[in-house]
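[1] got a predicted structure plus its sequence, pasted below:
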Amino acid sequence: MERAVETAQKSAVTGGGPFGAIVVKEGEIIGTGNNQVTATNDPTAHAEVQAIREACKRLDSFQLTDCEIYTSCEPCPMCIGAIYWARPKAVYYAASQKEAAEAGFDDHFIYEQIALPVEERDIQMKQVMTDKYDMPFQTWKNSVDKMSY
């Protein structure tokens, strides 16, 4: 956890967001990430996502089986999604959502938006079905060469 917090501190000092994360497998750090949203103009470049990307590349796998994630702050909704897709065995965090919000990183509105029916969300989301819109899923379901995840 100390390494995740140190990574967050270094990021905050050098102009990045104050977030850091590491992925550990069998006691070894296999991925490190800090918030690079403003540095890369990438809204998905959160510390947890960066650490997951590095660890998966190092493991040559899209899953973090038997890994643990240590992060300087309770993960946001996007990072929670990435974490569940990566399937580590545990996540440990230092600061809470409340502490992040007090520092100006309030993602409570995202949780509220996710809970709303699609038609009530602030950003318009509407299904548009073209001919054969479901063909990719049908192809996937019928494929014998797919790698399930």
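    Everything's here; your move.

[2] ok, G20 - contacts?
    Taking CB atoms under 8 Å, 6 or more residues apart in numbering, we find G20 in contact with 3-11, 32-35, 47, 71-72. C-beta here means a position set from N, CA and C on the backbone, and glycine is covered the same way.

[3] cool, M1 as well?
    Neighbouring residues of M1 by CB under 8 Å, 6+ apart: 70, 92, 94.

[4] skipping adjacent residues, who's closest to the second one in space?
    Using CB to CB, 6 or more residues apart in numbering and skipping the chain neighbours, the partner closest in space to Y92 is Y70 (5.0 Å).

[5] which stretches of this protein form strands?
    Ranges of strands in the chain, per DSSP state E, are 20-25, 28-34, 67-73, 90-95.

[6] can you tell me the strand partners of the third one and which way each runs?
    Think strand 67-73. strand 20-25 (antiparallel), strand 90-95 (parallel) (DSSP bridges).

[7] centre of the chain to the last one, how far?
    Taking the mean of its C-alpha atoms, strand 90-95 sits 13 Å from the chain's own mean (CA atoms, centre = their mean, to the nearest Å).

[8] list the neighbours of that strand that are in contact with it.
    Residues outside strand 90-95 that contact it (CB under 8 Å, 6+ apart): 1, 4-5, 68-75, 83.

[9] what's the neighbour count on C79?
    By other CB atoms under 10 Å, the residues close to C79 number 24.

[10] much appreciated, bye for now.
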